[in-house]
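Asker: Next input, structure requested:
(one chain, ligands or ions: 1)
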Amino acid sequence: MMAGVLKTEELSSYRQVLESLKSRLRGDLDQMTDEALGRDDGAGNHSKVPLHLADLGTDNYDQEFTLGLIENEQETLDLVNEAIGRLATGVYGACLGCGQAIAKPRLQAIPYARHCIQCARKLEEQE
Ligand SMILES: [Zn+2]
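Answerer: Numbers count the residues shown, from 1 in each chain. As a prediction, the model looks like this:
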């Protein structure tokens with residue numbers, strides 16, 4: 001049985017982590033989408049460097065860079081949403097490949113992980 005992989009308290013703490021990750025990603029996405037689109041519209045307005053990009057640690061504002069981030073963040077957001085869905089259906093913490101429990105250090109590092117480390121490695125090799 002997949003149910004009972006994690007204790008209720010553990011599930012609620014993962015839920016908290018996932019929800020805060022989700023709202024952070026959403027906020028970032030909104031902000032970056034605005035910046036990217038705003039950049040498109042105001043082609044001559046190169047002096048307006050967005051402040052938050054300084055926080056991301058880049059000196060050279062580059063639309064492609066931002067669009068890449070949006071893409072990655074969107075993918076992560078999708079994974080986070082999936083994981084929240086698995087919390088709701090009670091299969092969170094179980095590997096989608098083999099059904100075994102995902103190791104806790106892995107879940108703590110990547111709370112939206114879909115696969116255990118063995119299955120993740122196999123998938124990587126296939127790509
Ligand atoms: Zn697995």
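Asker: Tell me the residues of this protein that contact the ion?
Answerer: By CB under 5 Å from the ion, the residues of the chain that approach the ion are 95, 97-98, 116, 119. (Glycine included, C-beta is placed from N, CA and C.)
Asker: Count the residues that sit near residue 29.
Answerer: 16 (other CB atoms under 10 Å).
Asker: low pLDDT regions in this structure?
Answerer: 1-4, 39-62 (pLDDT under 70).
Asker: again, only using 50
Answerer: Scanning the chain with the threshold set as pLDDT under 50 gives 1-2, 41-47, 54, 58-59.
Asker: All the strands of it, residue numbers only.
Answerer: Read by DSSP state E, the chain holds no strands at all.
Asker: Which stretches in it count as helices?
Answerer: Assigned by DSSP state H, the chain shows helices spanning 8-41, 51-55, 63-89, 104-109, 117-126.
Asker: what separates the residue most central in space within the chain from residue 8, distance-wise?
Answerer: Residue closest to the mean C-alpha point of the chain, counted by CA atoms, centre = their mean, is residue 76 at 2.5 Å. Applying CB to CB, to the nearest Å, the value for residue 76 to residue 8 is 26 Å.
Asker: One more: residue 99?
Answerer: 20 Å.
Asker: Would you agree residue 15 is in contact with residue 87?
Answerer: Yes - Residue 15 is within contact range of residue 87, at 5.4 Å (criterion: CB atoms under 8 Å).
Asker: Who has more neighbours out of the two?
Answerer: residue 87 (19 against 16).
Asker: Who has more neighbours out of residue 99 and residue 8?
Answerer: Of the pair residue 99 and residue 8, residue 99 is the one with more neighbours under other CB under 10 Å, namely 13 against 8.
Asker: Identify the residue nearest residue 117 in space, chain neighbours excluded?
Answerer: residue 106 (5.8 Å; CB to CB, 6 or more residues apart in numbering).
Asker: so who does that neighbour touch?
Answerer: 113, 116-117 (CB atoms under 8 Å, 6 or more residues apart in numbering).
Asker: Most neighbours among the residues you listed, which one?
Answerer: residue 116 (22 neighbours).
Asker: And that one, how far from residue 125?
Answerer: In terms of CB to CB, residue 116 sits 15 Å off from residue 125.
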